[in-house]
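In: Below are the sequence and a predicted model for it; my questions follow.
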Amino acid sequence: MDLLSPLSVRGHVIELQRSDPRHLSGSGAAGSIAATAGPEARLGPESGFGKLFFDALNNVNDLQHTTMDLTEAMLTDPDSVDIHDVTVAIAEANLALSMTKAIMDRAIRAYQEVINIR
């Protein structure tokens, strides 16, 4: 059983074989593009940790903007927005921001520990 062929190794990146097409495919449009594109497209910087990180930050930002928009709509035209939707949006935005802050604090703490190891 040949688990790793020399052709699948490029630098520090190893192309993994999938036994099931649903595995490691991701979700949404980006996952389907990465699954159908060639190996060069899947291994590019646009599909790495940086894109995942900035997409997560953009999602948190979008939640904040949605909350502000719903709150503004509730204040200007109370009959157009349900108060429960506003409350749920505020709770989601608050939770997302709290989790993002906690992750950033841990990442900074881990970076400081790596720097202090030297």
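Out: Perfect, thanks for sending it.
In: Let me see the domain layout of this protein.
Out: Split into domains by automatic domain parsing, the chain comes to 6-44, 48-117.
In: comparing those domains, which gets the lowest mean pLDDT score?
Out: Least confident of the domains of the chain, judged by mean pLDDT, is domain 6-44 with a mean of 53.
In: Quick one: the helices in this structure, in order.
Out: Per DSSP state H, the chain carries helices over the ranges 28-36, 39-42, 49-76, 83-117.
In: mind checking which of the ones you listed is nearest residue 20?
Out: helix 28-36 (11.8 Å; CB to CB). Every C-beta, even on glycine, is put in place using the N, C-alpha and C of the backbone.
In: surely residue 73 meets residue 80?
Out: Yes. Counting by CB atoms under 8 Å, residue 80 is a contact partner of residue 73 at 5.7 Å.
In: Give me the more crowded residue out of these two.
Out: More crowded of residue 73 and residue 80, by other CB atoms under 10 Å: residue 73, with 14 against 9.
In: For the nearest residue to the more buried one once chain neighbours are set aside, which residues are in contact?
Out: Spatial nearest neighbour of residue 73, excluding adjacent residues (CB to CB, 6 or more residues apart in numbering): residue 81 at 4.7 Å. Residue 81 makes contacts with 70, 73-74, as judged by CB atoms under 8 Å, 6 or more residues apart in numbering.
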